[in-house]
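Participant: Got a sequence here, can you model it:
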Amino acid sequence: MSRKVTDKAVDARPTRHHKTIIIGSGFAGLGLAIRLSQQGRDDYLVLERGSDVGGTWRDNTYPGAACDVPSHLYSYSFALNPNWSRSFSRQGEIQQYIQAVAEKYQVRDKHLFDCDVTSARWNDTAAHWEIESSKGSFTADTVVSAIGALCEPALPDIKGINDFQGEIFHSARWNHDADLTGKRVAIIGTGASAIQIVPAIADKVASLDVYQRTAPWLLPRLDRPYTAPEKLAFKYLPGVQRLSRAAIYAARETQVVGLAKFPALMQAFELIARAKLRYEVPDPELRAKVTPNFRIGCKRMLISNNYYPALGRDHVDVITDGIAEVRANSIVAKDGTEREIDALVVATGFHVTDSPTYNTIAGRDGRTLSEVFDEIGQQGYKGSAVANFPNMFFLLGPNVGLGHTSMVFMIESQINYIADALATIDRQNLRTVEVRRDVQDDFNKDLQQKLSKSVWINGGCASWYLDKHGNNTTLWPDFTFEFRRLTKTFDVAAYATTSVSDPSRTELKVGAPQ
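Facilitator: Below you'll find the model as predicted:
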């Protein structure tokens, strides 16, 4: 989904209707598909623009790609994997796990792969969604967006970058046909992807220039292969794996106190990071370059054991002067220094608060999600619904992101909420449900009050967590078990509804939304 909403395309195929259409099949979309099948709600279809399930783990195949959350926690609670090879899984192993889950629960036949959704419009008269895609037209009573935040690569606006003559690609679209062996390579960015790529390619390239805008805080990566006895215990003693998962969850959740409630407590993590920095970067000049100037946690905390050592190699340079322009075979820094390169890797992250996919979804009043967010900021209700978009739910919507633990926990919480919403619609014979704007406003006011105390606001940095209004519309500012409580059941009182028998819009105000 990368184009603006357009008029209905001419297509010879008949329009197909489903009660529910899910857009996207990463952890979120696949998890919801499994839940619907388990509930016997078979009239659904998953539209996936890629050729397989997996989402970000299908697309991000760059060298060194791995997860920053321990393996046992980064999996569905209903499909634990006793076969993880190590404590922090790598991309290929995670993708294999997702594929195996899709096979186990037999939901592949509910997918339409290589299907790029180009528009989704709400038809208020018919009370359904009209969807255009590369594989024809669809209508649906309810649409669930499971597109995810890390799906649209962000490209830097740098003079001359389109004129570069060598190999150039984004980290999320890695060109495996490009052999970097013996090449002069530059990488723009020092975020989560870059710190994995740099040590993975440093040994093979002739030179590596790392263009750093902001130095990240790094913590140790406590990664190791699992021993044979551990693997046997995980496989044949399920309680062992669940206990391990619970311990990891509890340890990770303690970070919320420092991140979201009392930022001064992050000092303990900063002391660890500074000790690591001093030990792994003995050169004082390089250490000064890679020392962050903001409180740890303000930006995403990264974990690596080999990034700093890679930066210290003779053929690796960290450049902090900024980029003035890119030429056919070189990069010119703002201090005027020109460095010749053969390949350029762009590791500049994703469109999170300004995703191009927002341009493709038009709500009840005809405005796109992009236009609504441009006016009020990226706001939603429990990360699962947005006012003006009836019968549409979101997985990984506004303020659901995390900086400390597994997103799969949040996804499963939202799956509970949305599955119960669909059941409620059927049980109460509802034609439409749309979150009330006053409820959404109150919810977001409370969110921003909680966020005002957090390190993300008070840490002295600018990050992709913030939208253009200066609000953190990305992260959840509380314990994840609190989010699980809020999404346990669908609170229909928070929604304006119409019924099949009476299509007039009704504001349900019986009781307070939970």
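Participant: Give me the neighbour count for the nearest residue to Trp174 once chain neighbours are set aside.
Facilitator: Computed as CB to CB, 6 or more residues apart in numbering, the closest residue to Trp174 that is not its neighbour in sequence is Tyr62, at 4.3 Å. Any C-beta I mention is one placed from the backbone N, CA and C, and that applies to glycine too. Using other CB atoms under 10 Å, the number of residues around Tyr62 comes to 23.
Participant: how near is Tyr62 to Val143?
Facilitator: Note on Tyr62: its distance to Val143, by CB to CB, to the nearest Å, is 31 Å.
Participant: now swap in Phe394 and tell me
Facilitator: 10 Å.
Participant: These two: who's more crowded?
Facilitator: Set side by side, Phe394 and Val143 show more neighbours around Val143, with 27 against 24, by other CB under 10 Å.
Participant: wait, isn't the more buried one in contact with Pro390?
Facilitator: No - contact criterion CB atoms under 8 Å: Val143 and Pro390 do not qualify, at 9.9 Å.
Participant: low pLDDT regions in the stretch 151-300 of the chain?
Facilitator: Low-confidence segments of the stretch 151-300 of the chain, defined by pLDDT under 70, are located at 151.
Participant: just the strands in it please.
Facilitator: 167-170, 184-188, 207-211, 218-219 (DSSP state E, counting those that start in this stretch).
Participant: Name every strand pairing with the first one and say which way it goes.
Facilitator: Strand 167-170 has the following sheet partners, assigned by DSSP bridges: strand 343-346 (parallel).
Participant: Next secondary structure after the partner strand?
Facilitator: Downstream of strand 343-346, the next assigned helix or strand under DSSP states H and E is strand 361-362.
Participant: Gly54 in helix, strand or coil?
Facilitator: Gly54 falls in the coil class when you classify it by DSSP: H, G, I helix; E, B strand; the rest coil.
Participant: Return the residues in contact with Ala328.
Facilitator: Asp163, Phe164, Gln165 (CB atoms under 8 Å, 6 or more residues apart in numbering).
Participant: Please name the nearest non-neighbouring residue to the last one.
Facilitator: Spatially, and ignoring its direct neighbours in sequence, Gln165 is nearest to Ala328 (4.5 Å; CB to CB, 6+ apart).
Participant: which residues of the chain score low on pLDDT?
Facilitator: Across the chain, the stretches falling below the confidence threshold (pLDDT under 70) are 1-12, 149-151, 350-354, 504-514.
Participant: And the helices in the stretch 301-450 of the chain?
Facilitator: 307-311, 369-376, 407-427, 437-451 (DSSP state H, counting those that start in this stretch).
Participant: Glu371 - how many residues pack around it?
Facilitator: 15.
Participant: contact partners of stretch 152-164?
Facilitator: 2, 168, 170-173, 188, 323-329, 344, 346, 348-351, 355-357.
Participant: circling back: next, the residue nearest to Gln165: phi, psi?
Facilitator: phi -60, psi -40 (degrees, to the nearest 10).
Participant: Same question for Asp478.
Facilitator: phi -160, psi -180.
Participant: what's it in contact with, if anything?
Facilitator: Per CB under 8 Å, 6+ apart, neighbours of Asp478: Val256, Ala260, Lys450.
Participant: from what I can see the second one touches Ser454, true?
Facilitator: In this case it means Ala260. Yes - judged on CB under 8 Å, Ala260 makes contact with Ser454 at a distance of 4.6 Å.
Participant: shared neighbours of the two, anything?
Facilitator: Pro477.
Participant: Stretch 55-66: which residues count as buried?
Facilitator: For stretch 55-66, burial by neighbour count (16 or more other CB atoms under 10 Å) applies to Gly55, Thr56, Trp57, Arg58, Asp59, Asn60, Tyr62, Pro63, Gly64, Ala65, Ala66.
Participant: Identify those among these that sit within helices.
Facilitator: Using DSSP state H, the members of the buried residues of stretch 55-66 that fall in helices are Thr56, Trp57, Arg58, Asp59.
Participant: would you list those residues in JSON lines and tack on distance to Arg278?
Facilitator: Shown next, in JSON lines, are these (distance: CB to CB, whole Å):
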{"residue": "Thr56", "distance to Arg278": "34"}
{"residue": "Trp57", "distance to Arg278": "34"}
{"residue": "Arg58", "distance to Arg278": "39"}
{"residue": "Asp59", "distance to Arg278": "36"}
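Participant: Out of the residues you listed, which comes closest to Asp109?
Facilitator: Arg58 (18.6 Å; CB to CB).
Participant: List the residues that contact that closest one.
Facilitator: Counting by CB under 8 Å, 6+ apart, Arg58 has contacts Gly26, Gly50, Asp52, Gln95, Ile98.
Participant: Tell me how many other residues surround the second one.
Facilitator: By other CB under 10 Å, 17 other residues sit near Gly50.
Participant: do you know how far Ser89 is from Lys104?
Facilitator: Counting by CB to CB, the gap from Ser89 to Lys104 is 18 Å.
Participant: Those two: who's more crowded?
Facilitator: Each of Ser89 and Lys104 has its neighbours counted (other CB under 10 Å); Ser89 has more, 24 against 10.
Participant: What is the longest strand of this protein by residue count?
Facilitator: As assigned by DSSP state E, the longest strand anywhere in the chain is strand 136-145.
Participant: so which of the strands of the stretch 151-300 of the chain comes closest to Arg252?
Facilitator: Among these, the nearest to Arg252 by CB to CB is strand 218-219 (12.4 Å).
Participant: who does that closest one pair up with?
Facilitator: For strand 218-219, pairing defined by DSSP bridges yields strand 302-303 (parallel).
Participant: which residues sit against the strand it pairs with?
Facilitator: Contacts of strand 302-303 (CB under 8 Å, 6+ apart): Asp68, Gly191, Ala192, Ile195, Pro216, Trp217, Leu218, Leu219, Pro220, Arg221, Leu222.
Participant: Swap in 7 Å and give it another go.
Facilitator: Strand 302-303 is contacted by residues Asp68, Ala192, Ile195, Pro216, Trp217, Leu218, Leu219, Pro220, Arg221 when judged by CB atoms under 7 Å, 6 or more residues apart in numbering.
Participant: ok, the closest residue to Arg313 other than its chain neighbours - contacts?
Facilitator: Counting by CB to CB, 6+ apart, Ala202 is the residue found nearest to Arg313 once chain neighbours are left out, at 6.0 Å. By CB under 7 Å, 6+ apart, the contact set of Ala202 is Leu208, Ala310, Arg313, Val316.
Participant: Tell me, how many residues neighbour the closest residue to the second one other than its chain neighbours?
Facilitator: With sequence-adjacent residues excluded and distances taken as CB to CB, 6+ apart, Ala310 is closest to Pro199, at 4.0 Å. Pro199: 20 surrounding residues under other CB under 10 Å.
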